[in-house]
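**Q** here is my input, please return the structure:
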Amino acid sequence: MDKFIHLHVHTDYSLLDGVCRIDRLIEKAIDYKYRAAAITDHGNMFGVIEFYDAMMKAGLKPIIGEEFYVAPTSMRDKKTVGGVSNFHLTVLAMNERGYKNLMKLTSLAYLEGFYYKPRIDKEILKNYSEGLIVMSGCLKGEIPYYLLRNDYETAYKVAKEYLEIFGHNRFYLEMMRLGFKENDIVNAGLVKLSRDLGIPIVATNDVHFIDRTDKEAHDALLAIQTNTYIDETDRFRMESEEIYFKSPDEMVGLFSDHPEAIENTLKIAEQCNLLIELDPVNAHLPSCELPEGFDTPSAYLEHLAWEGFRRRYPTGNKKAEGRLKYELSVINKLNFASYFLIINDIVQSAKAMGVPVGPGRGSAVGSLTLYVLGVTEIDPLKYNLLFERFLNPSRVSLPDVDIDFGDEQRDKIIAHVEQRYGKNNVAQIITFGTMASRAVVRDVGRILRIPYGEVDRLAKKIPMGMSLEHAMEDKELRKLIASKDEYKRMMEIAKRLEGVARHVSTHAAGIVITPKELTEFVPLYKAPDGNTMTQYSMKSLEKIGLLKIDILGLRTLTVVEKTKQYLKERGIEIDRIPLNDSKTFRLLQRGETVGVFQLESEGMRSILKRLRPTNFKDIMAVLALYRPGPMEQKETFIKRKRGEEPVTYLHPMLEPILKETYGVILYQEQVIQIAHQVAGLSLSEADLLRRAMGKKEKEVMRKMEEKFVEGAKKKGVDEATARKIFEYMEPFAGYGFNKSHSAGYALIAYWTAYLKANHPVEFMAALLTSEMNDTDRIRILLSECRRMGIEILPPDINESDYEFKPVDGKIRFGLGAIKNVGKKAIDSIVKERKRGKFSSFNNFMQRRDVKNINKKAMENLIKAGSFDNLNPDRYRLLQMLENKVSQQLSLFTGTITDEKVDESESVSILSMEREALGFYLSGHPLTKYEDVIDAFTTTTIADLHHYGEAEPVSIAGIVTRVKVIKNKKGQKMAFAELEDLTGKVEVTVFPDLFSGREIPKGDELLVKGKVTHQEGEESPRIIADKIVSLKEARKRLTSWIDLYLNIVTTTEDDLNKLHQLLMGSSGVTEVRLNFVKNGETLYTLRPRKILVSPDDRLIKKLQNLLGKPNVRLRSVRW
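**A** Next up is the predicted model:
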């Protein structure tokens, strides 16, 4: 027999406020033998489906509700009552009608009533009151508000209003005892109202955490979210320790004087009988418009498929014909024809609008139906791709077709979908950031004021993606935590907060389409940027059977399309890119893949150089190899590909499946094929086996292994071999790559490699344009252009457009990459230029669009060198501009005088460029240290992300920003941003190294240290061990100088000049003469009498005489 039911519960989806994770909440409910519980999060229904599903699976009754914010007047009025903009009200759904009204109300609150909080009002509540039970809320409710102010009359009036809307069976006065004196005042008033109006009282506990011991964790969460420290006295906090998920006995004891308040919780629970249909297969698909002559979606899909089949296979193909018949039969059996028609409509509409569409991604590439429709561009039969990996007849979920579109036109696709299916039927999808293990340790460490370095050291001992509980199995970590009480406290709090929902954001790609208005199926949320999203996450939407589609914006597709446009302007049309181009494969074999899709990282380049791909399937394999699972097999694959190791198979039946990957399992599809061919499992069963292996479902795998072995034995495979094969398959089911996805992305990778190899200028111009807003990326791409021998023409007010553009084998810098100028300003410049080029700076000033081109834009155009062809003295132009502004003269009239400027005030051109562009364009301050950098650095900043945690590195750069702080002990330390030609990095300089040192902005430094990776940050940092000024590095660090002399080309005159140079320098540094032939050192001389000073003057002269590569500084001191 039930004693009590919790009807007012905040999960962690009450962001900032609740720490009740749904899984822990249900565990506690089971422990206390509750048969039901409610979810009533603040102003949202984010967790409703997750809660409902988990409760039903646990055999408990879910009660769905929300604690609403109610406006004091109209929800559309931004008025307050006594400074209060909203009151709290607890609302529960009794049935399906109540649930739909709950969704409607919460959606209206966000879409129409938002003022600090999403708000409804009594009028809208009345309109959607059917099927709802209302409770008067916590101390922040409207009735308690007036009772606390001794205004019984108004409290009575408000209670009567709710009573008139909901009646005596659906309106309750909510009584709480949370340890506040205010509760006593309010409760006395509630009892009086109950007597006077006959309104029943109900007991709740305003649950925010699960156990009393969670109080500190809850307090810590508030400190984290408000960016304060836990020991601050004047921050936002909740004082009560009583707002936890109490046992029935605790609640009965608490309200022993009001047993009816306890009994009413049971009555309300009996009244609430909502059933939500969780059926991902019988989806709520929008209806498709069918042309005349077609009665069903299936009939129309078959018509389109066979029409497409004839286009793809004009001479016919028996195998493809059989495959298509099979696929269509499965699609029709599962009633998914409408889904395929919707996907096809979106893709064909995109193509008709000129939006670049990808060749396919994910398992959808394995569908012949999608290939013949023209949704994907890869023949699945040619690459042995499996339909069952995409759509398994035995699986109970909608198929998943993710589509890539050019990133600049993704909004166009969403607008089309809204226009086709109705704006009120389409929305983007919400996603929730949670507190991950490493991040939560850092957050808790910060609010406890534990020094950053200590927290950082501890956090790094937690492997990325691993739970704290799992990480604590490590003895070293346990020992470190046990060493200090504050570490123990930090970890205890962190464990309780791990996994808690932290913030809301928009899913990068997902949209949902419904057959009727969205709010019939899902509550809506309005983001601060104005975007309307579902309140339910992707997984929840799938559970209730809504159609979600991933519409991804892929920048690479825009780059490919733009490259083709540039080529078209030159009269070169590219309809189809051949997949056997030798120049492309030579580029890949050299690993020259900066800018090539998916193949750009150092690890990928290393694999490419070793593997030396010779065909398209090799590119597929490279994408699959660079994964955690098959990395162990990488060496085997590469050696076999190069013929350095024989290809072997555990059984001859594996050869046709593994031949293309040299006997190594790379793909999940190969696991399916092995189970099908060797053990006789159907492809559907084989896919279920792969999924079980991937999830490590031991019981399922044990049963499947026996079935696999029995099946293999029937096919003549002995038991020992069958078990070996099964064991060999196991790790790759989880870690192997999806072959269909590999094929789709390998094709895009090949396209970009082809364009880079065959049309480098156009491709790099398109690539630079696509990255225009990322200065770090532009810096890397400009460096790559220089390596490729492509000249970058500077920005020019008369020649540059908004974008980077190819010009006679060179690339003209795009004005859009200049900071604070903007597209409108540049468009106005280009438009005005059509009337004639600008003849002078003065001419430009007279003709410019003042509305769009402000002073800051003018300054940066000058600093970037855009006017150099009209007047190369940038400083003079800046002075002219300043004089005009200060004199407040019209820039449309008058003449700019050629004023004399003091040369001592001249500003470095390079500094100007960096300010206007974010990087140096015409040169770089570090180039004068090229020999030092070559000698004493181990990497560039751009390549730091290839280094693992705590790996030692040496880098060089210019200090662009410095922040000096004091640690807990009052010692000074610094965070310095260092920049080289390829990027920038933050360097941490701890007190022992920073002591007695200054690191001014603009310093050129050599830094030796260790790489560190912060969770949630893309860029690594460096912890400095040594710092040396680049100016002093030659003298301080050079142990000797290696000079390389070619014995064939070096003349006696060269040797004499060299001798004079060396004898003219006096110092303590040894010189070694290396005599080389055909790149090989034949012998080395170490003249004892020659000791030099390796200063800038000597090095330059040596480089001029022998050539830069033949002068090398060496060190044993760095």
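
**Q** might you report the residue contacts of Lys609?
**A** By Cβ atoms under 8 Å, 6 or more residues apart in numbering, the contact list for Lys609 reads Gln589, Arg590, Gly591. In short, each C-beta sits where N, CA and C put it, glycine included.

**Q** wait, Gly865 sits on Leu793?
**A** No - counting by Cβ atoms under 8 Å, Leu793 is not a contact partner of Gly865; they are 10.5 Å apart.

**Q** of these two, who's got more company?
**A** Neighbour count, other Cβ atoms under 10 Å: between Gly865 and Leu793, Gly865 has more, with 23 against 15.

**Q** quick check: which element contains Leu650?
**A** Using DSSP states H and E, Leu650 maps to neither a helix nor a strand.

**Q** I meant to write Asn335 there.
**A** Secondary structure (DSSP H and E) places Asn335 outside all helices and strands.

**Q** measure the nearest residue to it once chain neighbours are set aside to Gly545 for me?
**A** Counting by Cβ to Cβ, 6 or more residues apart in numbering, Asn282 is the residue found nearest to Asn335 once chain neighbours are left out, at 7.7 Å. Between Asn282 and Gly545 the computed distance is 6 Å (Cβ to Cβ, to the nearest Å).

**Q** looking at those two, which one has more neighbours?
**A** Ranked by neighbour count (other Cβ under 10 Å), Asn282 and Gly545 place Gly545 first, with 18 against 11.

**Q** any stretches of the chain with poor pLDDT?
**A** Residues of the chain meeting the criterion pLDDT under 70: 1, 281, 395-396, 628-632, 733-734, 885-907, 1015-1016.

**Q** name the helices or strands packed onto the longest strand seen in it?
**A** Using DSSP state E to define each element, the chain has its longest strand at strand 952-966. If contacts are counted by 3 or more Cβ pairs under 8 Å, 6 or more residues apart in numbering; DSSP states H and E, strand 952-966 sits against helix 930-936, strand 972-979, strand 984-989, strand 1004-1012, strand 1021-1029.

**Q** would you turn those into TSV with distance to Phe87 and mean neighbour count?
**A** As requested, the helices and strands packed on strand 952-966 are exported to TSV (distance: least, Cβ to Cβ, whole Å; neighbours: other Cβ atoms under 10 Å):
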stretch	distance to Phe87	mean neighbour count
helix 930-936	66	21
strand 972-979	46	20
strand 984-989	47	21
strand 1004-1012	49	20
strand 1021-1029	47	17
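
**Q** out of those, flag the one nearest Lys703.
**A** strand 1004-1012 (45.8 Å; Cβ to Cβ).

**Q** pretty sure Ile429 is touching Leu541, no?
**A** Yes - with contact defined as Cβ under 8 Å, Ile429 reaches Leu541; the gap is 6.7 Å.

**Q** need the overlap of contacts for the two.
**A** Val512, Thr534, Lys548.

**Q** quick check, nearest of the residues you listed to Lys495?
**A** For the shared contacts of Ile429 and Leu541, the minimum distance to Lys495 (Cβ to Cβ) is 31.1 Å, reached by Thr534.

**Q** and that closest one, that's in a helix?
**A** No - going by DSSP: H, G, I helix; E, B strand; the rest coil, the assignment for Thr534 is strand, not a helix.

**Q** for it, which non-adjacent residue is closest in space?
**A** The nearest residue in space to Thr534 (Cβ to Cβ, 6+ apart) is Val522, at 4.8 Å.

**Q** likewise Val426?
**A** That would be Glu418: by Cβ to Cβ, 6+ apart, it lies 4.7 Å from Val426.
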